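[1] curious how this folds, go ahead:
(4 chains)
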Amino acid sequence: MDILHWITSHPYQTAGLILPIAIPLILFQVLPLLVLLERRGAAFIQDRVGPSRAYIPLPGLRIRAFGMLYNATDLIKLLFKENFVPPFAYKSFYWLAPAIPVATGLLTPALLPWFSPILYQDGAGVSSLTGTLITTSSGLLLLFALGSLSVYGVVLGSWSSNSKFSLLGGMRASAMMISYEVSMGLSVLGLLLIVGSFNLTDIVEWQGHHTWGMFVQPIGFLLFLVSMFAECNRNPFDVAEGESEIVGGFHTEYAGVKFMMFMTGEYLHVLVASALLATLYAGGYELLPFPVPMLADTSGFVPFLTTVFRPESYLSLDTLWVKAHLGGVVAIMLGITAVLVFVFATLIAGRRRNYAQQDAQDRDMRLREYGIYCSAFTGLGVMLLLGAIACGLFMTTQPLVAAGTLSPQPIYPGWVNAVTAVLQFHIVIGKTLAFAWLFIWVRWTLPRFRYDQIMGLGWKVMLNIALVNLLITAIVAKAIGGGR
Amino acid sequence: MFHSLDHLLGSAYFTLFALASLLCGGGLLLSKHPINGAIYLIGVMLSLSGIYALLGSPFLGVIQVLVYAGAIMMLVVFVIMVLNQARDHRVPRFDGFSIVGAIFPIALAAMVVKTLAFADASTIDPAAVRGEIAPVAATMFDLTPAGPGYYLLFELIGVLLLVAVVAAVMLAKRHLDSPAAPAAPAEGDHAQH
Amino acid sequence: MTKVVRRPDLTFWEKIYFVEIFKGLATTMGHAKNSLLHADHFKVINYPDVQPNLPRDYRARHRLMKRPDGSPRCVACFMCSTACPARCINIVAEESPDHHIEKRPASFEIDLLLCVFCGFCVEACPCDAIRMDTRQAVLAGDNRRDFVIDKTKLMDWEPKDYPLEDAQSQKAPGGTLHAQALEEFKSGSYH
Amino acid sequence: MHSIDPFHVQLLSALLFGLGLVVVLTRRNIFLVLMGVEVMLNAVNLSFVGFSQQLPGAQSLWGQLTPLFTIAIAAAEACVGLAMVICITRGKDTVDSDQFAEMKE
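    Below is the predicted model:
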């Protein structure tokens, strides 16, 4: 009872305790979506249908769930495979290696800001709940540090396998990842120079006040993007597992659950890299690429690239604008989602029509299945639309405490903060998936680089461009901003 | 609510990290294969970075992970991997000379402990500045004549690193006029003989 | 005389990579968009629920020809299993109750997982008892036993699935009874 | 944070330094000798940080800056040292430091 009372009277502190568990778990929820996106994306780019055979058998019906079941079947298959350890392997590191990428991949989300800092009234004073789990002034550095530790998973896995293919893959991967860490750090320095902080929340807030990082630092953005491809070992930089040359690369000798952990780590890194790109260069949880002209009672419109960032005014204009017009924003977001759901239902109806013309053994079952999907998604769309209308009509927000009395920012009631946080979380996830789609898209477009080309690109091209970009940024920032 | 826990947790974490670093150090001493030693050393470094964060230098802790554990040790592991014949089986791990040699460090440690134990009881200054990025940068690039003048050292270190990189390239090249160092020197040797 | 084929010189925009990369990205995105929006766009078929439309002379799954009374035409001479390079045909012979015919297969099994679909068995058969014109090329099964087809499966076919004008592809026994069977077939009394 | 006894920090530093020294003196493997040096450097860094917290006010940062330079120098040392290891193991095909004693004769 005491605990329940404490929870109800301290909702923000409770949220602060729940979030450290929730955020890595939520990233695990996004992981199957990414795997599905990769499979379907690959299939659609290659004019194939993609995963469509695993199903749940029901009487007279087969639920395929758009190929989503493949994740479950993969999991079951890999979990029940024999946990084989090659007799020539170096046992301890062979077991240790797959855990390292997963561990670093699960730690990094704790450093990313998932929603804007929430101001709440704590007794007579004002406290804040930040969207990062680990609030430190060197958040980005810590992220890079964790990224550099994840290389050990590849190196130890390859070395302990005691196989030539593995060793070759591991050496390629480690050399490439070390090389591209240099250009990664240098390419992001330009943005840090403008923002003036290593704290990721500060960086996102700066973007909310001014504009997205990719418009301020287009060259830095491209360089960082390419470095991220290399850091994630994704095509065109996937020499670590060049299957045409060295079989499976560093995880040639791995099977079953340990292989699954390597794969999980890889996909987690894609997600984390996408989230990092979204945070640094696409505004993070900020909704719009440009700040919205604000109500008169707050600080007003901040012109592009002029003022120095003020950490004390911690809520950005965008977030404040969202909170002030929460009903309208939620209505628009739900409306867009409803339209997307309707489009999806139409696409399924097209599949159904196409299937009706084919002479297939399971035609009737397919038609029934697609019919159920169509009606379910149409119903969902209608409900979303009704919800959007209801939110637009009835959801009005009033701050509990106006700006200036307790804090420079207005303090909103808990449900407004919660809805905004959920909305911003979905914005981050949406941007992350957009960047993840970029990873997949590029993977099925470009051929693999040769190893010497990768090294040449990293050391001779990208490093130089990053340095020149940094120099020009420094000069321009000094000229415009006056320096700090 | 949680601030009262901080004192307790601080010493608990310190004990944990200290024990971890000592255990990893012992593991380094007794490890058969240098790659084991490298992993133990990474353990030492990670524990020390935790201690740095506890002692109010989070920036130093992050740099320790980023540069020491992430870059330097990565380099060491990479070279061990490349040479791939580094297993310690030809030499006895401890011989008579080394046992005698071990007396000196033990004596040294004992002397340090004795000195510290009989020194005045010193405490951590509560006004000590927390080593976040901003104050560290302000001190490092303090250009005033009264400042500590670390910026000069900073530039010198930059030059030193450059020299080290050039020197490493020159050393790793087989002959000075050869186009590039082969990736795996051991195999190159076999090819030559 | 050697002919030197030079690589074409890259233009400035090609050397810079990025323009070409975006062109490639546009191509793949076009394919993805087409696949997403147009359901009838796929060139692939819904294997194995939908069978591909193969030509008649495609060397597909085997079938055993039948006599008018429905018994296999095979005389268990082992010519096909001898000719088979993959050794996928297993025949057990037994004495035929018909005193005009010496032997008949007690069992006739083909392991399709071993079969290389070369058609040598068809060539080797002295009495046109085995054919590969079923047009069922797509083989799918849940377990390995599904791929070992026996006499029942091999003779499980209907005359209407094969061209009427080609009498040889029907269940014609050949020899003296051929004309009679053909007559029966055309008149509709053929069972 | 303030509950940590500075004496314990220095004790740990001394123990680690001794451990590093033992590694350098007793092991014959070049890699392990290099790693022992790294442990000693780390111990000195820890000592610096521990003492720096006892300096008043802004001066406490001075002790925290020195380890940064130590880390940079360790990077340079590892860079050159490993290149030298590669260089000498090419000739002898061993990493046993006792085998490299031509200068003695």
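
[2] wait, does stretch A:221-232 contact chain B?
    No: against chain B, stretch A:221-232 shows no contacts by C-beta under 8 Å from any C-beta of the partner chain, the least distance being 12.2 Å. The C-beta positions use only the backbone N, C-alpha and C, and glycine is treated the same way.

[3] hang on, I meant stretch A:445-459
    No: judged by C-beta under 8 Å from any C-beta, stretch A:445-459 stays clear of chain B, getting no closer than 9.4 Å.

[4] contact partners for the residue in chain B that chain A sits nearest to?
    Chain A sits closest to B:G70 of chain B, with a gap of 3.0 Å, by C-beta to the nearest C-beta. When contacts are counted by C-beta atoms under 8 Å, 6 or more residues apart in numbering or on different chains, B:G70 touches A:F144, A:A145, A:S148, A:L149, A:V151, A:E181.

[5] and what of D:L25?
    Residues near D:L25 by C-beta under 8 Å, 6+ apart: B:S98, B:G101, B:A102, B:F104, B:P105.

[6] would stretch A:46-62 count as contacting chain C?
    Yes: counting by C-beta under 8 Å from any C-beta, chain C has neighbours in stretch A:46-62: A:Q46, A:D47, A:R48, A:V49.

[7] any idea how far C:K186 is from chain A?
    Distance of C:K186 to chain A, computed by C-beta to the nearest C-beta, to the nearest Å: 29 Å.

[8] okay, and that residue sits in which element?
    Element membership for C:K186, per DSSP states H and E: helix C:177-187.

[9] could you pull up the mean pLDDT of that helix?
    If you average the pLDDT over helix C:177-187, you get 67.

[10] ok, now stretch C:44-58?
    81.

[11] phi and psi next, for the residue of chain B closest to chain A.
    Note on B:G70: its backbone torsions stand at phi -80, psi -40 [degrees, to the nearest 10].

[12] secondary structure element for the closest residue to it other than its chain neighbours, which one?
    In space, and not counting its chain neighbours, B:G70 is closest to A:S148: 3.0 Å by C-beta to C-beta, 6 or more residues apart in numbering or on different chains. Under the criterion of DSSP H and E, A:S148 resides in helix A:139-149.

[13] what's the burial count for C:R145?
    Neighbour count of C:R145, defined by other C-beta atoms under 10 Å in any protein chain shown: 7.

[14] distance between the ends of stretch B:63-81?
    Stretch B:63-81 has its terminal residues 25 Å apart, counting by C-alpha to C-alpha, to the nearest Å.

[15] likewise stretch B:117-130?
    End-to-end distance for stretch B:117-130: 27 Å, by C-alpha to C-alpha.

[16] residue 19 - nearest residue in space that isn't next to it in sequence?
    Using chain A here. Here the nearest residue to A:L19 in space, its sequence neighbours aside, is A:L133; by C-beta to C-beta, 6+ apart that works out to 6.2 Å.

[17] you answered for a different chain; I wanted chain D.
    Spatial nearest neighbour of D:L19, excluding adjacent residues (C-beta to C-beta, 6+ apart): B:G25 at 4.2 Å.

[18] tell me which residues in the helix or strand where the one you found lies are buried?
    When elements are assigned from DSSP H and E, B:G25 belongs to helix B:3-30. Using 16 or more other C-beta atoms under 10 Å in any protein chain shown as the test for burial, helix B:3-30 gives B:10-11, B:14, B:17-18, B:20-22, B:24-25, B:27-29.

[19] and A:V182, that one's in a strand?
    No: A:V182 is assigned helix when assessed by DSSP: H, G, I helix; E, B strand; the rest coil, not a strand.

[20] which stretches of chain D have low pLDDT?
    Judged by pLDDT under 70, chain D has its weakly predicted residues at D:1-3, D:105.

[21] quick check: longest helix of it.
    helix D:60-92 (DSSP state H).

[22] for chain C, which segments are assigned as helices?
    Under DSSP H, chain C gives helices at C:12-15, C:18-37, C:79-83, C:120-124, C:151-154, C:177-187.

[23] wait, which of those is closest to chain B?
    helix C:12-15 (23.6 Å).

[24] OK, contacts around D:L12?
    By C-beta under 8 Å, 6+ apart, D:L12 lies in contact with B:A18, B:S21, B:L22, B:I51, D:L46.

[25] any idea how far it is from chain A?
    For D:L12, the distance to chain A - C-beta to the nearest C-beta - is 22 Å.

[26] the helix or strand hosting that residue: which residues count as buried?
    Following DSSP H and E, the helix or strand that holds D:L12 is helix D:6-26. Within helix D:6-26, the residues scored as buried using 16+ other C-beta under 10 Å are D:6-7, D:9-26.

[27] flag the shaky bits of chain B, pLDDT-wise.
    The model of chain B has pLDDT under 70 over residues B:1-6, B:84-98, B:119-128, B:174-193.

[28] on that earlier part again, next structured bit after the helix holding A:S148?
    Remark: after helix A:139-149, the chain's next helix or strand is helix A:151-161, criterion DSSP H and E.

[29] what packs against that next one?
    Judged by 3 or more C-beta pairs under 8 Å, 6 or more residues apart in numbering or on different chains; DSSP states H and E, the packing partners of helix A:151-161 are helix A:91-96, helix A:99-107, helix A:164-195, helix A:256-281, helix B:34-54, helix B:73-83.

[30] dump the ones you listed to CSV, plus mean neighbour count and distance to chain D.
    Output for these, formatted as CSV (neighbours: other C-beta atoms under 10 Å in any protein chain shown; distance: least, C-beta to the nearest C-beta, whole Å):
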stretch, mean neighbour count, distance to chain D
helix A:91-96, 16, 16
helix A:99-107, 20, 20
helix A:164-195, 22, 12
helix A:256-281, 23, 25
helix B:34-54, 24, 4
helix B:73-83, 22, 5
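
[31] am I right that B:V62 is in contact with B:G50?
    No: using C-beta atoms under 8 Å, B:V62 makes no contact with B:G50, being 11.1 Å away.

[32] overlap in contacts of those two?
    Where contact means C-beta under 8 Å, 6+ apart, no residue is in contact with each of B:V62 and B:G50.

[33] and the helix or strand harbouring A:L79, what's buried?
    In this structure, A:L79 is located in helix A:69-80 according to DSSP H and E. For helix A:69-80, burial by neighbour count (16+ other C-beta under 10 Å) applies to A:L69, A:Y70, A:N71, A:L78.

[34] how about stretch A:215-235?
    A:215-217, A:219-235.

[35] just stretch A:387-403 next, same as before
    A:G387, A:A388, A:C391, A:G392, A:M395, A:T397, A:P399, A:V401, A:A403.

[36] check those residues against chain B, which are close?
    Of those, not one also sits near chain B (C-beta under 8 Å from any C-beta).

[37] if we can go back for a sec, let me know the angle separating the helix holding B:G25 from helix B:34-54.
    Here helix B:3-30 runs at an angle of 160 degrees relative to helix B:34-54 (axes from the mean of the first three to the mean of the last three C-alpha atoms, to 10 degrees).

[38] gap between the closest residue to A:L277 other than its chain neighbours and A:L446?
    Among residues not flanking A:L277 along the chain, A:F435 sits closest, at 4.8 Å (C-beta to C-beta, 6+ apart). Counting by C-beta to C-beta, to the nearest Å, the gap from A:F435 to A:L446 is 16 Å.
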